[in-house]
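Novice: Let me see the structure of the following:
(4 chains)
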Number of protein chains: 2
Amino acid sequence: MRSSTDDRTSRAIIRDEALALFAAHGADAVTIRQIASAAGVSAALVIRHYESKDGLREAVDVHVLKTLASMMEEMTQSADTPVTSQVDAMLRHLPTDSPIPRYLARLFVEGGATAGTLFHRILDISQATLEAMVEAGTATPGADLRTRAAFLGVNDLAVLLFRDLLTDWLGINPLSREGLHRWSNEVMTIYEEGLGGAPLACKPPVREHP
Amino acid sequence: MRSSTDDRTSRAIIRDEALALFAAHGADAVTIRQIASAAGVSAALVIRHYESKDGLREAVDVHVLKTLASMMEEMTQSADTPVTSQVDAMLRHLPTDSPIPRYLARLFVEGGATAGTLFHRILDISQATLEAMVEAGTATPGADLRTRAAFLGVNDLAVLLFRDLLTDWLGINPLSREGLHRWSNEVMTIYEEGLGGAPLACKPPVREHP
DNA sequence: ACGCGATGTAAACATTTGTTTACTTTATGC
DNA sequence: GCATAAAGTAAACAAATGTTTACATCGCGT
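Specialist: From the prediction side, this is the model:
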């Protein structure tokens, strides 16, 4: 629901409320009247601004894609993004109650062109990062570098998709500060040493609390 | 659409067609008339058998859960399931065109009680497997065994959720025979040695084609 | 003050959807 | 054979939903 002091244009308010509702319940399950009510306007105004429900859907898609694109651009410039947490880093740029993660989850299972474009872009970055690491000698291409890049990228996205279920099972939101710390600590360790830890005959395992 | 020679009861046919349509388009987007038409019966008969659309939804949920439960039981008895591919192994028990994977994907992003139960069960198995490996000395508990188990379980499920998008990006279905081979080969390597491969000073990296 | 476009609304409309009703057909026990 | 229950259907119904129409209000340049 829009707050009483809100200088966004009603067009933007409608789009944002639609995004929130689409993320929460899925676009099909949300009615124009619900969106209108959440935005504090009439149903007719929603149509007036976006022509149809499908037009609104597209507008929301474009908006999400733009938001993510600018975020990804910003991230590729500041080079502090390790391979483990491309998406996690992305999410740290969003407010914790942002509807975008959940919207993305729905987008990905739904398929469609937008999802394909975004997925492609994310995995391309994952591959580029891995290639850079191989170049730098901090990673191995494996038997098939592209498959390896896909594995890394998909693992990254998985935290996002399973956020709620993981929160239940772990007792802590893996995208919260504390949760993310535990999670990436574990991921980093596995990516560095594998599941078995560093071979004891070679060097002692590296632990956080030795 | 039901085939002409089909000895299933019409009740089961309706349930199966509903499952297929729910998986393909999401339960909200599918109408009772579509299900009826796919099953080759009238819409009224769908209601007659399942009382309401929600009743049908529940019946489909129960059926999927039962199918998976019997599959998981069968798998825990034959002890040849490595930690990397609990779900993959599950899927190898299903026909390649089974709607169940896609149905599960929708179930998981939707949340709900059924999804919670199933997710819980899968991650519990993941944890038990990891604990057994630690006991056997083939794995390390890491800084937080439960988080580590969650990471492994979720990675496993991710292939399932991203199947279509991965097929696009990789050029091969990661759940096909060839695709699954490449995928788990990569996963195994990373779980065994990490991204960097075995430290060269200790022993040469283990490759499939040396 | 006034015209006018932008912004907004309530009520009506056509269609879709889940469900009900009244009715027919098919199988089954006796 | 026949009654009776189960399986099945077409048509009607009520509510919901996307959209349209006709009408109101506000801001603003002149």
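Novice: So what touches stretch A:32-39?
Specialist: A:1-2, A:10, A:13-14, A:17-18, A:20-21, A:42-43, A:45-47, A:53, A:56 (Cβ atoms under 8 Å, 6 or more residues apart in numbering or on different chains). Heads up, the C-betas are built off the backbone N, CA and C, glycines and all.
Novice: So the helix or strand that contains residue A:17, near DNA strand C or not?
Specialist: According to DSSP states H and E, residue A:17 maps onto helix A:10-25. Yes. Judged by Cβ under 7 Å from any atom of the strand, helix A:10-25 comes into contact with DNA strand C at A:10, A:11.
Novice: hmm, back to that, can you turn the buried part of the contacts of stretch A:32-39 into a ChimeraX selection?
Specialist: Those of the contacts of stretch A:32-39 that count as buried under 16 or more other Cβ atoms under 10 Å in any protein chain shown are selected in ChimeraX with:
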select /A:13,14,17,18,20,21,46,53,56
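Novice: Run a quick neighbour tally on the residue nearest to residue A:47 when sequence neighbours are not counted.
Specialist: Of all residues not flanking residue A:47 in the chain, residue A:32 sits nearest, at 7.0 Å (Cβ to Cβ, 6 or more residues apart in numbering or on different chains). Applying other Cβ atoms under 10 Å in any protein chain shown, we find 19 residues neighbouring residue A:32.
Novice: what ranges do the strands span in chain A?
Specialist: Read by DSSP state E, chain A holds no strands at all.
Novice: Low-confidence stretches in chain A?
Specialist: A:1-6, A:78-85, A:197-210 (pLDDT under 70).
Novice: let's see it at 90
Specialist: For chain A, the stretches flagged by pLDDT under 90 are A:1-8, A:71-97, A:111, A:160-161, A:175-177, A:180, A:196-210.
Novice: and residue A:148, how many neighbours does it have?
Specialist: With neighbours defined by other Cβ under 10 Å, the count for residue A:148 comes to 26.
Novice: That one and residue A:165, how far apart?
Specialist: 26 Å (Cβ to Cβ, to the nearest Å).
Novice: what do you get for residue A:183?
Specialist: Residue A:183 is 14 Å from residue A:165, by Cβ to Cβ.
Novice: Looking at these two, which one has more neighbours?
Specialist: A count of neighbours by other Cβ under 10 Å puts residue A:183 above the other of residue A:183 and residue A:165, at 27 against 22.
Novice: which residue packs closest to the more buried one, ignoring adjacent ones?
Specialist: Distances taken as Cβ to Cβ, 6+ apart place residue A:174 nearest to residue A:183, at 4.7 Å, with adjacent residues excluded.
Novice: quick one: contacts for the one you found?
Specialist: Applying Cβ under 8 Å, 6+ apart, the residues near residue A:174 are A:159, A:163, A:166, A:167, A:180, A:182, A:183, B:150.
Novice: before we move on, the earlier item: among the contacts of stretch A:32-39, which are within reach of DNA strand D?
Specialist: A:43, A:47, A:53.
Novice: Please report how far the second one lies from residue A:41.
Specialist: Read it as residue A:47. The gap separating residue A:47 from residue A:41 is 11 Å, by Cβ to Cβ.
Novice: ditto for the last one
Specialist: Residue A:53 sits at a distance of 15 Å from residue A:41 (criterion: Cβ to Cβ).
Novice: phi, psi of residue A:41?
Specialist: Torsion angles at residue A:41 (phi, psi; degrees, to the nearest 10) stand at phi -130, psi -180.
Novice: And for it, nearest residue in space, chain neighbours not counted?
Specialist: In space, and not counting its chain neighbours, residue A:41 is closest to residue A:10: 5.9 Å by Cβ to Cβ, 6+ apart.
Novice: Equivalent analysis for residue A:160, please.
Specialist: Closest to residue A:160 by Cβ to Cβ, 6+ apart is residue A:101, at 5.2 Å.
Novice: And for that neighbour, the neighbour number?
Specialist: So residue A:101, with other Cβ under 10 Å, has 19 neighbours.
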